[in-house]
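*Asks:* One predicted model, sequence on top.
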Amino acid sequence: MKTTYVTKKMSLSEKEKQLVEKKLSKLNKFFTDEATAALTFTVVREEVTVEVTVKDHGVLFRGERSAVDKMMALDEIIDLLIRQVRKNKTRLSKSLYTEEPDFAPWEDGEDDFNLVRTKEVFLRPMDLDEAIMQMNLLDHNFFMFLDSDTDKISVAYRRKDGQYGLLRSEN
C-alpha cells in the first residue's frame, strides 16, 4: 500500500513513520497492492486529529479520530476501517477482488441497506454561490445542483469546521 503523509502544525519523524507503516500493515490483507493511503495529522490545542483515507479500485474508506496520542487515534481508525471492510464484505468483494477475500463477514446486521426514502430533484443550472445560498435557506447540510460553469452535477456541503466544500463529478 502506497502511503502519503500530510502534517499540520506538527511533524513526523522517520521512526514514527515506520511505526505508522507497521500499524497500517494490518490492512494489507483487506486491500490490493494498488491501494493508496493518505494520512493527515493535525494538532489542535492538546489533541491530535488523525484522518486516514484508503482508496482501492475507486472505493474509498475513511476514518477520523482525535486523541491526546496520535498512535492511539491511529489504532482506533485502523480498527474502524477493518470493521467497515468486514461489514461490507459482500459488496466490496464484487468491486475489489476477483476471488473471495480471506476474512470473515460481518456477523451483526443485514446484508442490505434499509432505504427509507427516495427523492427526485430537478437540477437547474446555478453557480456555487447561489447553491450555497439555497442550501442555507433550506437549512440543509448539503445541496446538489448543476454547475452552470462546468455543466457537471455538483454537491455543495457544510463542513464540520463551518466552512464549505464542493463535490464535483468527473464525467
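*Replies:* Nice, thanks for sending it over.
*Asks:* For the rest of this, base every contact and every neighbour count on C-alpha atoms.
*Replies:* Will do.
*Asks:* Tell me who's in contact with Gly165.
*Replies:* The contact partners of Gly165, by Cα atoms under 8 Å, 6 or more residues apart in numbering, come to 156-159.
*Asks:* Let me know the distance separating it from Lys2.
*Replies:* Gly165 is 26 Å from Lys2, where distance means Cα to Cα, to the nearest Å.
*Asks:* Now do the same for Thr7: helix, strand or coil?
*Replies:* Here Thr7 is strand, with the state taken from DSSP: H, G, I helix; E, B strand; the rest coil.
*Asks:* surely it meets Val44?
*Replies:* No. In this structure Thr7 lies outside contact range of Val44 using Cα atoms under 8 Å: 11.9 Å.
*Asks:* quick one, helices of the protein?
*Replies:* Along the chain, the stretches classed as helices by DSSP state H are 14-24, 70-87, 89-96, 128-138.
*Asks:* Nearest to Leu115, out of these?
*Replies:* Smallest distance to Leu115 across the helices of the chain (Cα to Cα): 15.9 Å, for helix 89-96.
*Asks:* contacting residues around the residue nearest the centre of the chain?
*Replies:* Of all residues in the chain, the one closest to the mean position by Cα atoms, centre = their mean is Arg62, 3.2 Å from it. Arg62 sits next to 51-54, 81 when contact means Cα under 8 Å, 6+ apart.
*Asks:* ranking those residues by neighbours, who comes first?
*Replies:* Comparing the contacts of Arg62 by number of neighbours (other Cα atoms under 10 Å), Val52 comes first, having 23 neighbours.
*Asks:* Name whatever forms a beta bridge with that one.
*Replies:* Applying DSSP bridges to Val52 gives these bridge partners: Leu39, Gly63.
*Asks:* re earlier: TSV for the helices of the chain, including mean pLDDT and distance to Thr150?
*Replies:* Listed next are those as TSV, based on pLDDT from 0 to 100; distance: least, Cα to Cα, whole Å:
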stretch	mean pLDDT	distance to Thr150
helix 14-24	91	38
helix 70-87	88	34
helix 89-96	62	29
helix 128-138	85	11
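*Asks:* Quick one: find the helix or strand in this protein with the lowest mean pLDDT.
*Replies:* The helix or strand of the chain with the poorest confidence is helix 89-96; it has a mean of 62 (mean pLDDT, DSSP states H and E).
*Asks:* about what we covered before: return the most buried member of the helices of the chain.
*Replies:* helix 70-87 (a mean of 18; mean count of other Cα atoms under 10 Å).
*Asks:* Distance from the chain centre to it, please.
*Replies:* Relative to the centre of its chain, helix 70-87 is centred 12 Å away, using Cα atoms, centre = their mean, to the nearest Å.
*Asks:* Packing partners of that helix?
*Replies:* helix 14-24, strand 47-56, strand 59-67 (3 or more Cα pairs under 8 Å, 6 or more residues apart in numbering; DSSP states H and E).
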